[in-house]
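*Asks:* could you work out the structure for the sequence below:
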Amino acid sequence: MTRKPPARSAEPGPSAQVSPATGAATQGKARSTAQPAAQPVLGIFWMFLTGLCFVAVTALVKFLGDGIPPAQSAFLRYLLGLVFLLPMIGTLRRLRLSRKLKVMFALRGFVHTLGVMLWFFAMTQIPLAEVTAMHYLAPIYVSIGAALFLGERMAFRRICAIGVALIGALIILRPGFREVELGHLAMIFTALSFGASYLLAKSTVDGSNPAIVVAMLSLWVTLFLAPFAIAVWVQPSLWEIGILFLVACFATAGHYTMSMAFAAALVAVTQPVTFLQLLWATLLGALVFAEPVDIWVVSGGCLILAAVSFITWREAALKKQAASAEKSAET
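*Replies:* Next comes the predicted model:
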């Protein structure tokens, strides 16, 4: 979507950052007092590069078009991306997982697979800006799911932020004023699938190393995509394989730069920079793919992103208050 990386996926809460090609999420962890002081400018720089990487991913998939069925494109992207797991082969071979973790990894892989296929399909149906804007809904669904299924408290301000995000989605779709295409429906269910995947990840990350969580996700998604890809298989050209390998490279680079951003600065600082992904996607769609700029899509996307940023800021503020209270109690 590393130098013994800050894990490619410190997974997820409602403030999780979502990568478009993989749906993987990364979230900043609380720093210990032994860690370096926050560097907000550096964090913003790394998140800026993250946005460029993820927009490159969407642009490459858009450029590839529908010559290869979406399920096959997704499968080849994940299969080629397994090369980045080669340094972990020894660790994975020695891995001993509980039955519960095996089931959770498999279930998450299946749910995530549905989201990946839908995302690849949506990329062939609707403009880049609309795909990017609707992708911001995933953290909103995570926030709702965490309240419904994990018992997390839903404060009034968070409810309001979620309402704003849903209004943003309605502005993008404008049902009754324009045709809601299959690509739009695909993106709604893409965000739902990724949201469910992140909630499942909250359980798996508690029982396993975050890097292992990401590796297992890649392996399971590749496995689950295989039968869908075989069912619609067409012979890809070397050029198409090369494009999909570039997708895997940019997705991996995006996760690395995202991790570096979270290592340098708080999520609340880096979150607003993700707005630039919508800007880049809109410009790229207009200049490269001749997609008209839709002010309603941009406006709706900004509302969704504003809601996600507010939820992220509130989480950071609450965690800081909790940490200060705990420190005071200890002293």
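*Asks:* what segments of the stretch 1-150 of the chain are strands?
*Replies:* 17-18, 25-26 (DSSP state E, counting those that start in this stretch).
*Asks:* so which residues make contact with stretch 238-249?
*Replies:* 21, 56-57, 60-61, 63-64, 67-68, 73, 76-78, 80-81, 83-84, 236 (Cβ atoms under 8 Å, 6 or more residues apart in numbering). Just so you know, the C-beta spots here come from the backbone N, C-alpha and C atoms, and that holds for glycine as well.
*Asks:* can you turn the buried part of the residues you listed into a ChimeraX selection?
*Replies:* Typed into ChimeraX, the line below selects the buried ones among the contacts of stretch 238-249, using 16 or more other Cβ atoms under 10 Å:
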select :21,56,57,60,61,64,68,73,76,77,78,80,81,84,236
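*Asks:* so which of the contacts of stretch 238-249 sit within helices?
*Replies:* Ala56, Val57, Leu60, Val61, Phe63, Leu64, Ser73, Leu76, Arg77, Tyr78, Leu80, Gly81 (DSSP state H).
*Asks:* in JSON lines: the residues you listed, plus distance to Glu326.
*Replies:* Below are these laid out as JSON lines (distance: Cβ to Cβ, whole Å):
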{"residue": "Ala56", "distance to Glu326": "41"}
{"residue": "Val57", "distance to Glu326": "39"}
{"residue": "Leu60", "distance to Glu326": "45"}
{"residue": "Val61", "distance to Glu326": "45"}
{"residue": "Phe63", "distance to Glu326": "50"}
{"residue": "Leu64", "distance to Glu326": "50"}
{"residue": "Ser73", "distance to Glu326": "47"}
{"residue": "Leu76", "distance to Glu326": "48"}
{"residue": "Arg77", "distance to Glu326": "43"}
{"residue": "Tyr78", "distance to Glu326": "41"}
{"residue": "Leu80", "distance to Glu326": "45"}
{"residue": "Gly81", "distance to Glu326": "40"}
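*Asks:* make TSV from these and add distance to Phe310 and pLDDT to it.
*Replies:* Converted to TSV, the ones in helices among the contacts of stretch 238-249 look like this (distance: Cβ to Cβ, whole Å; pLDDT from 0 to 100):
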residue	distance to Phe310	pLDDT
Ala56	28	92
Val57	26	92
Leu60	32	93
Val61	30	92
Phe63	34	91
Leu64	35	90
Ser73	35	95
Leu76	38	95
Arg77	33	93
Tyr78	33	94
Leu80	37	94
Gly81	33	91
